[in-house]
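turn this into a structure:
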Amino acid sequence: MTKTQTKAIVLFARDPVAGKVKTRLAPFLSQELILELYTRFLSDSIQKICRVVDADRFIGVYPSDSSGYFSRLNVEPPLEIFIQEGEDLGERMFNTFQARFDEGYEHVAIIGSDSPSLPVAYIEKALNSDKDLTIGPSTDGGYYLIGMCRKPVNVFAGGIDWGSDKVLTQTLERVKKSASSLELLPPWYDVDRAEDLRFLKTHLELMDQAGLEDIGATGEFLKSLDI
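Next up, the predicted model:
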């Protein structure tokens, strides 16, 4: 994809393969339903980054596109698909930031695919920040977004306990040691466990009733689930 903007938004996503995604939702849901749900998460997350103003759009896939889901995508505006490279999540994110800055981007933000209700405005706020780092704290102790401005800052080295409730705290400790400037976005939530999914369903139902925003493929799918 030809670089057209100075900003880049990157969606980190897992290849949608049964038994390999949203594993903490089992045995609450069957593997078949979990896979169907995750593809809705992906669809809404992709639509979300396509709505971001003045940014080129990327999807970093892990560990591969063996399912063919991403190679079959046909959306506008165009997306660049790449395979994440690195030994752990931190290394994969740092390599992604480094690659985008090497390509000439000035603002880069990475989001995950676990927050299908995330407001686009939060992503755009990160891409417009002049701070060295921007972090969107997640209510589970991690973060739903991390952004960098003009240069990569390796706040992931030294052992982050990925998947734990210590991720945000440990990252902020490294931000402080790096003497980098930081902007914190409003807190939001990821969906990893059954209670998260119930909250998401209630949240989207209320949004739908109030006519506040399109509830997307995830919201429509959750209407069919008795959870």
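
so residue 57 is in which element?
Element membership for residue 57, per DSSP states H and E: strand 56-62.

likewise for residue 99?
helix 89-102.

can you give me the strands in this protein?
Assigned by DSSP state E, the strands in the chain fall at 7-14, 56-62, 80-83, 107-111, 133-137, 143-149, 182-184.

in a markdown table: those strands, plus mean neighbour count.
Placement of C-beta: from N, CA and C, glycine included. Shown next, in a markdown table, are the strands of the chain (neighbours: other CB atoms under 10 Å):
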| stretch | mean neighbour count |
| --- | --- |
| strand 7-14 | 24 |
| strand 56-62 | 21 |
| strand 80-83 | 14 |
| strand 107-111 | 25 |
| strand 133-137 | 23 |
| strand 143-149 | 24 |
| strand 182-184 | 16 |
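
can you tell me which helix in the protein is longest?
Ordering each helix of the chain by length in residues (DSSP state H) puts helix 31-50 first.

which residues touch that helix?
The contact list for helix 31-50, computed with CB atoms under 8 Å, 6 or more residues apart in numbering, reads 9, 11, 13-14, 16-19, 21-23, 25-26, 29, 55, 57, 59, 69, 73, 75-77, 79, 111, 113-116, 118, 120, 123, 191, 197, 216-218, 220-222, 225.

what does the residue at minimal distance from the centre of the chain show for phi and psi?
Closest to where the C-alpha atoms of the chain average out (CA atoms, centre = their mean) is residue 112, at 1.6 Å. With angles defined as degrees, to the nearest 10, residue 112 sits at phi -100, psi -180.
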